[in-house]
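**Q** Here is the input, now give the coordinates:
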Amino acid sequence: MTFYFTSVRACRPSRKGPAVNRKSLSTITGILLAVFMFLGASKARAQQNPMISMNNELRSLFSNLNNPNTPVHFLYDMSAHLVDSAFFTTISTDTSNVDNWFNIYREMYYSAYDTNQYISSDQVFQHIFPIVQHDTIPIGIIEWDYNLLRNDALTTGNYFVFDTVNSLLYDKNPQPYSPYTMHTVFAASPLAQQYPNANVVFKVSPDFMFVDSWKSYDPNVRTLKIDFGDGNGWITFNGQTTTNYEVTYPTSGRKVIKTALFNRAGMITLSTSIIDILSTTITVPPTEVITGIPGIDVGIYENCEENVNKKYVIYLEGMDFLNNRSVADVYASMIQNKRLAQLRNFGYTFVVVSWHDPYADMEDNAMRIVMLLEQLKCKQTDQKPQPFVVIGESMGGLIGRYALSYMESAQYDNNNSPWICDKRLRHNTRLFITFDSPHQGANIPLGVQQLYRHLLPFTYLFSSYTIGIGHQYATLLDGKASKQMLLYHVETDLAPGAPISASPYGPSPYKVQFDQDLKNIGNYPRLCKLVALSNGALDGSRQIRTWDSTFRQPNDHMLLFD
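**A** You can find the predicted model right below:
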């Protein structure tokens, strides 16, 4: 039986209309959230991912069709599409972003005749995220040819036979002419949404260029150029080698980045994307690094004097949710350009600590601080080194509290490790400052914890970048350090599958144990002055909203999604 149909065309958006259609996506998200709240978490988790199901049906439907163009590895109509088709071209002036880029990649991946030849968009995220964590932003480039069904291909019986029993399409022989046209997608974007500082290192590398094998990025054939939106115009790159290119933006805000290929005739491809630069602060690398302590990065910012006997201020970073703040980032955001940095003019040297794993056991990270304090004691040439000042930001205050208390305890007295410098000096600290540190326990509302825990079943609507970032944020609940701090933890719900729970909540066993371990070593250090600040600002300024960079207000939003 021959059957003509048009329903598959609904999977391909019109080639007209706005660049990124967010309205329908947000509407679907709102409906699904409402359904989720009504049905409960357990039912939501049992739902099948509709995008994967739709892609599987489309791939099955087209599985028996011959590829008319052997070098072309993609059939556009074989994948469900949320991205506007205006981006599936060689010249696109519509503004894209990292989420849109990942969605383009995912849709092209599912339209591949053989997906085994390509890595998934989730794997691309896993590839780029460790690089972004080290303050480098790759530029992702997609340039693939694809087949596209003509407008009348599925509305007449001239090209295909439809098996209504098995829901399969077969090529009709003969066909009056090919039911396909060939097109090319060229999409490029910085693979991050934003950057906290003005000086950004972009990585242009073949590792992040997903290009048909026969396409040349030889600068003698086609020249790759990028305009980073910093006022310096087009910068030429060799697409066959890896280049780290630093851009310093004179202002903060949204920056438009253009990526293009040129030949002798001029521009042949163009993709436009954006990245948000959050401040005009320029990061400064430390003058020295301390190595040999596994699990932490330590940078030293020397004082402006030539004194031998250092006056050290040790700064311990707080909870780094995405684990993407370097030593330079911590110094730039918390010390640089503040009144605190002026202490360098009075002989103080800053020692900045960044955690390799902010979610690790706080007691383990505390022992790393003990090792650091021992090294700093040994670095002093004077028999009576200057006493230290230790500053702990948020979780860093708890880690510092444990480290200093430990160095006053009998456990420290009985520690015969060879790296201990001089037990008589103990921690050699005269002043311990903590700010926004949850000494009595952190209180993240249980509703927010439930949102973190159960929103992920709906992330199939979003790009692999957003999904990956979401999973990093979700680690906030599951990391050991988080459980050691939270007053109430969602995992203590005795009936997690119930739509409405009357179960009492309490602290994780990890917090109970951490509090007891602190008590066993003295609870708080006694051999130094203690200062605790709240509302987190060493320079007296108010906290800033992340979404619009204005000051927080009383009863302000905790989260604000657009």
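
**Q** Spit out the contact partners of Ser92.
**A** Ala86, Phe186, Ala187, Leu270, Ser271, Thr272 (CB atoms under 8 Å, 6 or more residues apart in numbering). All C-beta spots, glycine's among them, are computed from the backbone N, C-alpha and C.

**Q** What pLDDT is listed against it?
**A** On the pLDDT scale, Ser92 is placed at 94.

**Q** Sheet-wise, list the partners of the helix or strand containing it with their directions.
**A** Assigned by DSSP states H and E, Ser92 belongs to strand 91-96. Its sheet considered, strand 91-96 pairs with strand 266-277 (parallel) by DSSP bridges.

**Q** Which elements pack onto whichever helix or strand comes after the partner strand?
**A** Using DSSP H and E, the helix or strand that follows strand 266-277 towards the C-terminus is strand 288-290. Counting contacts by 3 or more CB pairs under 8 Å, 6 or more residues apart in numbering; DSSP states H and E, strand 288-290 is packed against strand 296-301.

**Q** ok, the following helix or strand past the strand it packs on: who's next to it in the sheet?
**A** Using DSSP H and E, the next helix or strand after strand 296-301 towards the C-terminus is strand 311-316. Strand 311-316 has the following sheet partners, assigned by DSSP bridges: strand 348-355 (parallel), strand 388-393 (parallel).

**Q** And those strands: which comes nearest Asp114?
**A** strand 348-355 (42.2 Å; CB to CB).

**Q** name the helices or strands packed onto the next helix or strand after the closest one?
**A** With elements assigned by DSSP H and E, the helix or strand that comes after strand 348-355 is helix 362-379. Under the contact criterion of 3+ CB pairs under 8 Å, 6+ apart, helix 362-379 touches strand 296-301, strand 311-316, strand 348-355, helix 395-406, helix 480-485, helix 509-520.

**Q** I'd like the strands paired with strand 311-316 as TSV, with mean neighbour count appended.
**A** Putting the strands paired with strand 311-316 into TSV (neighbours: other CB atoms under 10 Å) gives the following:
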stretch	mean neighbour count
strand 348-355	24
strand 388-393	25
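
**Q** Could you check the angle the lengthiest strand in the chain makes with strand 266-277?
**A** Assignment by DSSP state E gives strand 136-149 as the longest strand of the chain. Inter-element angle recorded for strand 136-149 and strand 266-277: 130 degrees (by axes from the mean of the first three to the mean of the last three CA atoms, to 10 degrees).

**Q** looking just at contacts, which helices and strands does strand 136-149 meet?
**A** helix 98-110, helix 121-133, strand 180-190, strand 199-204, strand 209-211, strand 253-263, strand 266-277.

**Q** Export the following helix or strand past the fifth one to PDB, keeping only CA atoms.
**A** Right, strand 209-211. Later in the chain than strand 209-211, the nearest helix or strand by DSSP H and E is strand 223-227. Only the C-alpha atoms of strand 223-227 are listed here, as PDB (Å, rounded to 0.1, in the frame of the first residue of the first chain):
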ATOM      1  CA  THR A 223      41.300  31.300   6.200                       C
ATOM      2  CA  LEU A 224      39.700  31.000   9.600                       C
ATOM      3  CA  LYS A 225      39.100  34.400  11.200                       C
ATOM      4  CA  ILE A 226      37.400  35.500  14.400                       C
ATOM      5  CA  ASP A 227      36.200  38.900  15.600                       C
END
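
**Q** Run through who's touching strand 223-227.
**A** Outside strand 223-227, the residues that reach it (CB under 8 Å, 6+ apart) are 139, 188, 202, 204, 217, 233-239, 257-263.

**Q** for it, what is the average pLDDT?
**A** 97.

**Q** With just CA atoms, put the following helix or strand past it into CSV.
**A** As assigned by DSSP H and E, the chain's next helix or strand after strand 223-227 is strand 234-237. C-alpha atoms of strand 234-237 as CSV (Å, rounded to 0.1, in the frame of the first residue of the first chain):
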residue,chain,number,x,y,z
TRP,A,234,39.2,40.1,12.6
ILE,A,235,42.0,37.9,13.9
THR,A,236,43.4,35.2,11.7
PHE,A,237,44.0,31.7,13.0
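
**Q** Direction included, what does strand 234-237 pair up with?
**A** According to DSSP bridges, strand 234-237 has these partners: strand 223-227 (antiparallel).

**Q** now the angle between strand 180-190 and the strand it pairs with, please.
**A** 50 degrees.

**Q** tilt between strand 223-227 and strand 199-204?
**A** Going by the same axes, to 10 degrees, strand 223-227 makes 160 degrees with strand 199-204.

**Q** so strand 223-227 versus strand 253-263, what angle?
**A** Strand 223-227 runs at 160 degrees relative to strand 253-263, counting by the same axes, to 10 degrees.

**Q** what separates strand 223-227 from the chain centre, distance-wise?
**A** 26 Å (CA atoms, centre = their mean, to the nearest Å).

**Q** For Gln440, list the residues it contacts.
**A** Leu487.

**Q** Assumed it was part of a strand.
**A** No: assigned with DSSP: H, G, I helix; E, B strand; the rest coil, Gln440 falls outside any strand and is coil.

**Q** Point out where the stretch 401-550 of the chain drops to low pLDDT.
**A** Residue ranges of the stretch 401-550 of the chain with pLDDT under 70: 455-461, 496-503, 535-541, 546.

**Q** center of this protein, which residue is that?
**A** In the chain, the centroid-proximal residue (CA atoms, centre = their mean) is Ile469; its distance is 4.5 Å.

**Q** So that residue is in contact with Leu322, correct?
**A** Yes: at 7.0 Å, Ile469 counts as touching Leu322 under the criterion of CB atoms under 8 Å.

**Q** neighbours around Ile274, how many?
**A** 18 (other CB atoms under 10 Å).

**Q** what's the answer for the one 5 residues further on, then?
**A** Neighbour count of Ser279, defined by other CB under 10 Å: 18.

**Q** Understood, closing this out.
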